[in-house]
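*Asks:* model this:
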Amino acid sequence: MSQKVVVIYSGGMDSFTVLNKALQQGLDVSALSFNYGQRHVKELDVAANVCKSLEIPHKIVDITAINSLLAGSSLTDDIDIPEGHYEQESMKSTVVPNRNMILLSLAIGYAVSENAQAVYYGAHSGDHAIYPDCRPEFVRQMNVVSKLANYDPVEVVAPYLDVDKNAILADGLKMGLDYSNTWTCYNGRDKACGKCGACIERLEAFAANEQSDPLSYE
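*Replies:* Numbering: from 1, shown residues only. Below is the predicted model:
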């Protein structure tokens, strides 16, 4: 009997690769997505379509009510999305306070109720500088807390924690994944902007792998 896991699946490149990696490893996968009021809610439609095509269980949970507690992020408030690379100070406005701890806590609870042994999510080394809740020490401590919080221990797994998006894409291409089935841009418009940190990092990853991005850009 294969191990049962919950994958936090946003619809973006990283979680798309994690989702498929778990499936190709023969794990019994349930996908979990969150609507937390992100302006790029389009990613949830992409996630739903992928899960439908893969014929795997998928829940989209509306947690927009917590937005009144999490002010100050350009991803959820009426603040312009900054343009430029993640290394720039301005990109800190895209941090949603405590987001991954909240999402992981909910996912762990879901895993316990589903008798799943682990929760997977797509933190990677490119996020370490800008997002505190993607850093190795956070993942390690969250894993410790998760195993203490319930009678049945649930492991927190970030398969790409120590590599960057270039390596994630390389692994996904090796698996034969189609990245037209992902959404990365922080602006939820018809086409990707190509200017926000998420778009720039995505385009750099495709360039590093000598591939063309299948998404359309403004």
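*Asks:* how many residues are close by the residue nearest to residue 172 when sequence neighbours are not counted?
*Replies:* Counting by CB to CB, 6 or more residues apart in numbering, residue 17 is the residue found nearest to residue 172 once chain neighbours are left out, at 4.2 Å. For glycine as for every other residue, the C-beta is placed from the backbone atoms N, C-alpha and C. Here the number of neighbours of residue 17 (other CB atoms under 10 Å) works out to 26.
*Asks:* how about the one 4 residues further on?
*Replies:* The burial metric for residue 21, expressed as a neighbour count using other CB under 10 Å, is 21.
*Asks:* where does pLDDT dip in the chain?
*Replies:* 1, 39-40, 70-97, 126-130 (pLDDT under 70).
*Asks:* alpha carbons only: can I get the longest strand along it in CSV?
*Replies:* Among the elements of the chain assigned as strand by DSSP state E, the one spanning the most residues is strand 28-35. Provided in CSV are the C-alpha atoms of strand 28-35 (Å, rounded to 0.1, in the frame of the first residue of the first chain):
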residue,chain,number,x,y,z
ASP,A,28,-1.1,8.3,-2.9
VAL,A,29,-1.6,12.1,-3.4
SER,A,30,-4.4,14.5,-2.3
ALA,A,31,-3.9,18.1,-3.5
LEU,A,32,-4.9,21.1,-1.3
SER,A,33,-5.1,24.6,-2.6
PHE,A,34,-6.0,27.8,-0.7
ASN,A,35,-7.8,31.0,-1.7
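*Asks:* pull out the buried residues from that strand.
*Replies:* Neighbour-count burial for strand 28-35 flags 28-34 (criterion: 16 or more other CB atoms under 10 Å).
*Asks:* got CSV for those residues, with distance to residue 46 too?
*Replies:* Formatted as CSV, the buried residues of strand 28-35 follow (distance: CB to CB, whole Å):
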residue, distance to residue 46
28, 23
29, 17
30, 18
31, 12
32, 15
33, 10
34, 14
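*Asks:* and the residues you listed, which two are the farthest apart?
*Replies:* Largest separation among those by CB to CB: 28 and 34, giving 21.1 Å.
*Asks:* what segments of the chain are helices?
*Replies:* Listed from the start of the chain, the chain has helices (DSSP state H) covering 13-24, 42-54, 99-113, 136-149, 165-174, 197-208.
*Asks:* nearest to residue 182, out of those helices?
*Replies:* Of all the helices of the chain, helix 13-24 sits nearest to residue 182, with 4.8 Å by CB to CB.
*Asks:* report all helices and strands that the closest one contacts.
*Replies:* Here helix 13-24 touches strand 4-8, strand 28-35, helix 42-54, strand 118-120, helix 165-174, going by 3 or more CB pairs under 8 Å, 6 or more residues apart in numbering; DSSP states H and E.
*Asks:* can you tell me which of the ones you listed is packed in deepest?
*Replies:* Each of those was scored by mean neighbour count; the highest is strand 118-120, a mean of 25, by mean count of other CB atoms under 10 Å.
*Asks:* what lines up beside it in the sheet?
*Replies:* Paired neighbours of strand 118-120 in the sheet (DSSP bridges): strand 4-8 (parallel), strand 155-157 (parallel).
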